[in-house]
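>>> predicted model and sequence below, questions to follow.
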Amino acid sequence: MAKEGFSSKVGAIAAAAGSAVGLGNIWRFPYVLGENGGAAFLLVYIAFTILIASPVLLSEFAIGRMTGKPVTAAFKQLAPKKKWYYIGLSGVLCAFVILSFYNVVAGWTLYYSYLSLTGQLAELNQAEISSLFENASSNPIICILGMLLFAGLSAFVVMRGVEKGIERYSKILMPMLFVLIIVVCIRALTLDGAEVGLSFLIKPDFSKLTPESLFVALGQAFFSLSIGMGAMTTYGAYISKKQNLASSVFSIAMIDFFVAFTAALMIFPSAFAFGINPGQGPGLVFVTLPGIFNQMAFGQLVSIVFFVLLAIAALTSTMSLLEVIVSFMSSEFGIKRKMATFIASTLTICSGIICAISSTVFNFFDDFSANVMLPLGAFFIILFVPLVLGKQKIKAELEAHGQEFSLFNIFYFLVRFIVPIAIGALFIYCIAGWLF
Ligand code: PHE
């Protein structure tokens with residue numbers, strides 16, 4: 001397959017981390033955490049990330065690297081006579097669904113970068129900040145323009161093959177974003193009334209957990225690590241055999257978690273200090289951040305840099321989503337990458353317009369992709385490991401070049417029993433709850 005897109009094989013790990021860290025950590029995680037009661041949800045999320053999502057990520061990397069092929073082609077090669085490649089196909093569909101609403105949110109970050117640059121966020125009071133977001137998110141022109149600009153930008157990057165550049169810069173820019181989040185955190189934690197937000201985040205109240213919130217935590221863990229739809233399988237194809245997959249998964253999961261956690265640590269103390277409802281949904285980050293920036297020294301500068309870096313974090317995630325569609329089109333139909341990127345972007349812009357106009361469709365795509373498509377995809381990917389690959393093959397891949405993976409038996413136990421049973425049980429429980 002074409003190996004364009006990565007400057008080095010080790011670059012693939014950085015790219016995978018870039019795919020994982022994005023709006024899912026900074027926009028989605030705080031809002032679902034806020035809607036689902038805080039600390040108890042956080043603990044469940046951590047448990048799911050370790051016990052369920054990380055084994056899936058490791059399996060996806062192994063399947064991709066074993067074949068050197070993108071997701072549908074990988075499944076076709078490993079199980080030629082069976083219909084497993086439908087997993088890959090559903091992943092391609094899922095990439096469309098995610099890109100449709102993700103581009104809209106990324107468009108909002110561009111709009112907020114513009115507002116910060118022109119000083120329009122400075123000195124607004126909380127009521128004005130909240131109504132600004134309400135007006136912007138219900139204004140089709142702003143939403144469509146922002147989405148178009150962002151989708152155009154990522155299409156340009158992928159079409160021109162300048163991912164290498166983005167990859168190189170993001171190695172500097174993403175740590176910068178993390179440092180900035182920590183700085184904002186410190187300000188947030190020193191606001192009057194911040195303690196309430198902090199205890200919301202660290203004092204668990206298990207009575208707030210519903211079966212549905214368990215499901216949302218699972219979906220968020222998958223969404224945040226970009227798993228269950230083949231993005232990481234496709235990136236796995238680019239990873240060097242010399243790279244230790246298990247330790248790469250460990251680093252990616254840690255980075256991803258800490259970005260999400262510090263984002264929450266920045267949002268909740270501020271939300272409580274400013275009297276914002278933590279369960280208000282997808283607008284949470286956008287109505288909270290401008291208020292903290294306004295209380296900081298060099299607030300306007302922080303605000304500009306923050307929103308621009310956030311847009312770049314989103315870009316490294318949309319690149320991986322586009323990669324799933326583009327590599328599918330080029331490996332299945334022989335369509336050239338540029339043309340494939342053009343087609344994929346045009347289609348996602350069309351569905352993005354619907355998300356930009358209708359918050360019902362936006363919310364449905366957001367919930368359906370994370371809570372239904374990704375868990376289902378992950379369920380089949382994980383079944384594939386014992387049913388088709390078998391223990392020896394996956395072990396050989398994870399221990400390629402004499403790599404050590406001392407936790408293999410635990411990993412395999414999780415893959416065979418815990419992961420499929422947990423996903424299956426939560427799925428049935430939730431569907432039953434919706435139906436009856
Ligand atoms: N993980 C990305 C984020 O947190 C979103 C994503 C999901 C990217 C699925 C690729 C595949 O923003």
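Everything's here; your move. Computed from a prediction, not measured in an experiment: that's the story for all the values here.
>>> show me where the chain has strands.
In the chain, no segments count as strands under DSSP state E.
>>> name the nearest residue to the closest residue to the ligand within it, ignoring sequence neighbours.
The nearest approach of the chain to the ligand comes at Gly24, 2.1 Å away (C-beta to the nearest ligand atom). All C-beta atoms are positioned from the backbone trio N, CA, C, and that covers glycine. In this structure, Gly24 finds its nearest non-sequential neighbour in Ser224, 4.5 Å apart by C-beta to C-beta, 6 or more residues apart in numbering.
>>> pretty sure the one you found is touching Ala20, no?
Yes: if you go by C-beta atoms under 8 Å, Ser224 and Ala20 touch, sitting 6.5 Å apart.
>>> what parts of this protein come near the ligand?
19-20, 22-25, 98, 223-224, 226, 229, 231, 317, 320-321 (C-beta under 6 Å from any ligand atom).
>>> list just the nearest of those to Pro290.
Leu23 (17.0 Å; C-beta to C-beta).
>>> and for Ala400, the neighbour number?
18 (other C-beta atoms under 10 Å).
>>> can you check Lys241 too?
Around Lys241 there are 13 residues (other C-beta under 10 Å).
>>> residues in contact with it?
Lys241 makes contacts with 65, 400-401, as judged by C-beta atoms under 8 Å, 6 or more residues apart in numbering.
>>> again, but for Gly424
Residues counted as contacts of Gly424 (C-beta under 8 Å, 6+ apart) are Phe379.
>>> and the contacts of Lys241, which is closest to Ala340?
Once C-beta to C-beta is applied, the member of the contacts of Lys241 that ends up nearest Ala340 is Arg65, at 22.7 Å.
>>> what does the pLDDT read for the spatially closest residue to that closest one that is not a sequence neighbour?
Excluding its sequence neighbours, the residue lying closest to Arg65 (C-beta to C-beta, 6+ apart) is Gly236, at 4.6 Å. In this model, Gly236 is scored at 93, pLDDT.
>>> pretty sure Gly236 is touching Ile63, no?
Yes: with contact defined as C-beta under 8 Å, Gly236 reaches Ile63; the gap is 6.5 Å.
>>> where in this structure is pLDDT low?
Scanning the chain for pLDDT under 70 picks out the ranges 1-10, 162-163, 165.
>>> okay, which residue is most central for it?
Ser224 (3.5 Å; C-alpha atoms, centre = their mean).
>>> measure that residue to Tyr235 for me?
From Ser224 over to Tyr235 the distance is 15 Å, taken as C-beta to C-beta, to the nearest Å.
>>> can I get stretch 356-365 in CSV, CA atoms only?
Written as CSV, here are the backbone C-alpha positions of stretch 356-365 (Å, rounded to 0.1, in the frame of the first residue of the first chain):
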residue,chain,number,x,y,z
ALA,A,356,-24.4,22.6,11.4
ILE,A,357,-28.0,23.4,10.8
SER,A,358,-29.7,20.9,13.1
SER,A,359,-28.7,20.4,16.6
THR,A,360,-30.9,17.3,16.7
VAL,A,361,-28.8,15.7,13.9
PHE,A,362,-25.6,16.9,15.5
ASN,A,363,-26.5,15.3,18.8
PHE,A,364,-27.7,12.1,17.2
PHE,A,365,-24.4,11.7,15.2
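>>> tell me the buried residues in that stretch?
356, 359, 362, 365 (16 or more other C-beta atoms under 10 Å).
>>> which of these fall within helices?
Using DSSP state H, 356, 359, 362, 365 are the members of the buried residues of stretch 356-365 that sit in helices.
>>> make TSV from these and add distance to Ser170 to it.
Output for these, formatted as TSV (distance: C-beta to C-beta, whole Å):
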residue	distance to Ser170
Ala356	26
Ser359	30
Phe362	27
Phe365	26
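>>> still on that earlier bit, tally of neighbours for the residue of the chain closest to the ligand?
28.
>>> quick one: contacts for it?
220, 223-224, 226, 260, 317.
>>> that one and Asp256, how far apart?
Distance, Gly24 to Asp256, using C-beta to C-beta: 8 Å.
>>> list the residues that contact both of the two?
Ser224.
>>> give me the nearest residue to Ser116, chain neighbours excluded.
That would be Ser303: by C-beta to C-beta, 6+ apart, it lies 3.9 Å from Ser116.
>>> then Tyr112?
Of all residues not flanking Tyr112 in the chain, Phe307 sits nearest, at 4.6 Å (C-beta to C-beta, 6+ apart).
>>> for that neighbour, give me its contacts.
Phe307 neighbours (C-beta under 8 Å, 6+ apart): 109-110, 112-113, 116.
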